[in-house]
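Student: only the shape, not the letters, is given here:
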């Protein structure tokens, strides 16, 4: 957003000024349904700024609520071994190297490989492992994050 004084510049053009001296504003939107540039009055610009600030505050509150709900849900979740029905132990984060033959043929061996951060859980009884995609992972192309379907049970 650029604050303007209409007709005050050279050859009757708009002049960029501070908000206090402005009688209009130029709003440039990139993307979305209202993409482009438009000039509005100072009152409309003030309303636009207030709407943006309200949107940012609402979005921040929604994100905090979602993070809190996720943390509460995950606090009661524990992965279990399907063979022994025993709670698995966390064994740390490991980098898993992935790749496929199609990517190797198309892009070469070096470009077809990607690293994926995984969280490893191990059964203390039988030693079976379960891998979960880490939140800070570099995702594989073509693989959706929600395609991993771990076995979970609620902690007692």
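Tutor: Ah, there it is. Note that this is a predicted model, so its numbers are computed, not measured.
Student: could you use CA atoms for every contact and neighbour count after this?
Tutor: Noted.
Student: point out where this protein drops to low pLDDT.
Tutor: 74-77, 100-113, 135-156 (pLDDT under 70).
Student: show me how it divides into domains.
Tutor: 2-75, 78-154 (automatic domain parsing).
Student: let me have those in CSV, extended by mean neighbour count.
Tutor: Below are the domains of the chain laid out as CSV (neighbours: other C-alpha atoms under 10 Å):
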stretch, mean neighbour count
domain 2-75, 13
domain 78-154, 14
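Student: in this structure residue 29 contacts residue 48, no?
Tutor: No: contact between residue 29 and residue 48 fails when scored by C-alpha atoms under 8 Å: they sit 11.7 Å apart.
Student: is it fair to say residue 117 lies in a strand?
Tutor: Yes: membership of residue 117 in a strand is supported by DSSP: H, G, I helix; E, B strand; the rest coil.
Student: which residue ranges of this protein form strands?
Tutor: For the chain, strands defined by DSSP state E occupy the ranges 2-5, 15-16, 24-29, 36-41, 77-79, 89-98, 114-122, 129-133, 152-154.
Student: can you list the ones you listed in a markdown table and add distance to residue 70?
Tutor: Converted to a markdown table, the strands of the chain look like this (distance: least, C-alpha to C-alpha, whole Å):
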| stretch | distance to residue 70 |
| --- | --- |
| strand 2-5 | 40 |
| strand 15-16 | 46 |
| strand 24-29 | 33 |
| strand 36-41 | 37 |
| strand 77-79 | 11 |
| strand 89-98 | 19 |
| strand 114-122 | 17 |
| strand 129-133 | 16 |
| strand 152-154 | 14 |
